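Chemist: Give me a model of this one.
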Amino acid sequence: QVQLVEFGGGLVQPGGSLRLSCAASGSIFSINAMGWYRQAPGKQRELVAAITSGSMTNYTDSVKGRFTISRDNAKNTVYLQMNSLKPEDTAVYYCNADIRDYIRLQWRNYWGQGTQVTVSS
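Modeler: Just a heads-up that it's a prediction; the model follows:
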């Protein structure tokens with residue numbers, strides 16, 4: 001059994017910062033790409049940032065220069081540092097990862113339960 005658990009959402013004023021964490025646990029053999037998605041009310045889920053096992057990153061244009069994705073492979077954890085937050089960043093943020101477990105030795109895509117980020121004064 002593999003699961004992703006997110007931490008760090010909350011309410012922040014415009015211009016503020018938040019740091020999201022996502023820890024993968026269970027019968028993990030290896031993890032490939034990890035990423036963060038978000039979904040605002042009435043909108044489709046979109047990719048915010050992703051990072052490969054070799055720490056190559058990519059970002060959606062709207063967060064470039066403000067958000068930073070990183071990972072700690074020893075802890076099976078991915079982070080999203082969000083600075084200069086804007087009201088339009090308000091959404092539920094979901095962690096995502098491609099994981100191969102010990103049981104089946106097959107790659108599967110996993111999602112976290114989501115964490116709410118609200119940017120408002």
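Chemist: Tell me if Arg104 really is in a strand.
Modeler: No: in this structure, Arg104 is coil, not part of a strand, as judged by DSSP: H, G, I helix; E, B strand; the rest coil.
Chemist: Around it, how many other residues sit close by?
Modeler: Around Arg104 there are 10 other residues, counting by other Cβ atoms under 10 Å. C-beta coordinates here come from the backbone N, C-alpha and C atoms, glycine included.
Chemist: what do you get for Val2?
Modeler: Count around Val2 with other Cβ under 10 Å applied: 19.
Chemist: Quickly note the distance from Val119 to Trp36.
Modeler: For Val119, the distance to Trp36 under the criterion Cβ to Cβ, to the nearest Å works out to 15 Å.
Chemist: neighbour-wise, which of these two wins?
Modeler: Trp36 (27 against 19).
Chemist: and the more buried one, backbone torsions?
Modeler: Dihedral angles phi and psi of Trp36 (degrees, to the nearest 10) take the values phi -120, psi 130.
Chemist: and it, what does it touch?
Modeler: Contact criterion Cβ atoms under 8 Å, 6 or more residues apart in numbering gives 20, 22, 47-50, 69, 78, 80, 93-96 as the residues in contact with Trp36.
Chemist: Report the buried members of these.
Modeler: Among those, those that count as buried by neighbour count (16 or more other Cβ atoms under 10 Å) are Leu20, Cys22, Val48, Ala49, Ala50, Ile69, Val78, Leu80, Tyr93, Tyr94, Cys95, Asn96.
Chemist: Let me know the pLDDT of the residue nearest in space to the middle of the chain.
Modeler: Computing the C-alpha centroid of the chain and ranking residues by Cα atoms, centre = their mean puts Trp36 first, at 2.8 Å. As predicted, Trp36 sits at a pLDDT of 98.
Chemist: partner residues bridging it?
Modeler: For Trp36, the beta-bridge partners under DSSP bridges are Ala49, Cys95.
Chemist: quick one, strands of this protein?
Modeler: Ranges of strands within the chain are 2-7, 10-12, 18-26, 28-39, 46-51, 57-59, 67-72, 77-82, 91-101, 107-111, 115-119, based on DSSP state E.
Chemist: Deepest-packed of those strands, please.
Modeler: strand 77-82 (a mean of 22; mean count of other Cβ atoms under 10 Å).
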